[in-house]
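Chemist: Any chance you can model this:
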Amino acid sequence: MNYILKRMREPSTWSGIAAMVGAMGLGVPAGTLEAIGQIGIGLAGLAAIFMREKADLNP
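Modeler: From the prediction side, this is the model:
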């Protein structure tokens with residue numbers, strides 16, 4: 001479980017999740033897919049603002 005939590009803190013994990021979700025959305029109507037994409041991009045940008053690049057040993 002600790003391994004999974006550590007991976008969830010890495011930006012590359014979130015990029016991979018976004019790619020997988022995007023690949024699965026092929027049967028969604030175009031308007032809905034566009035809205036989901038915009039929401040996802042916004043959430044990714046928001047997450048990038050608050051995520052650290054390197055682990056801080058002294059928080």
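
Chemist: before we move on, which element is the residue most central in space within the chain in?
Modeler: Geometric centre of the chain, nearest residue: W14, 3.3 Å, by Cα atoms, centre = their mean. W14 belongs to helix 11-24 when assigned by DSSP states H and E.

Chemist: Return the set of buried residues in that helix.
Modeler: W14 (16 or more other Cβ atoms under 10 Å). To be clear about C-beta, it is placed using only N, CA and C from the backbone, and glycine gets the same treatment.

Chemist: Stretch 38-55 now?
Modeler: G40.

Chemist: Can you tell me what sits against that stretch?
Modeler: Defining contact as Cβ atoms under 8 Å, 6 or more residues apart in numbering, one finds that stretch 38-55 is touched by 9, 11, 14, 18, 21-22.

Chemist: now with 10 Å?
Modeler: With contacts defined as Cβ atoms under 10 Å, 6 or more residues apart in numbering, stretch 38-55 is touched by 6, 9-11, 14-15, 17-18, 21-22, 25, 59.

Chemist: got TSV for these, with distance to G42 and pLDDT too?
Modeler: TSV is the format used below for these (distance: Cβ to Cβ, whole Å; pLDDT from 0 to 100):
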residue	distance to G42	pLDDT
K6	25	84
R9	20	84
E10	20	85
P11	16	83
W14	13	81
S15	15	82
I17	15	82
A18	12	78
V21	14	77
G22	15	75
G25	16	65
P59	27	57
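
Chemist: which one of these is nearest T32?
Modeler: G25 (8.6 Å; Cβ to Cβ).

Chemist: Low-confidence stretches in the chain?
Modeler: Scanning the chain for pLDDT under 70 picks out the ranges 25-28, 55-59.

Chemist: mind checking the SS state of E53?
Modeler: Under DSSP: H, G, I helix; E, B strand; the rest coil, E53 falls in the coil class.

Chemist: I'd like the distance from stretch 39-54 to the chain centre, please.
Modeler: How far stretch 39-54 lies from its chain's middle: 8 Å, per Cα atoms, centre = their mean, to the nearest Å.

Chemist: Could you check how far L5 is from L43?
Modeler: According to Cβ to Cβ, to the nearest Å, L5 and L43 sit 19 Å apart.
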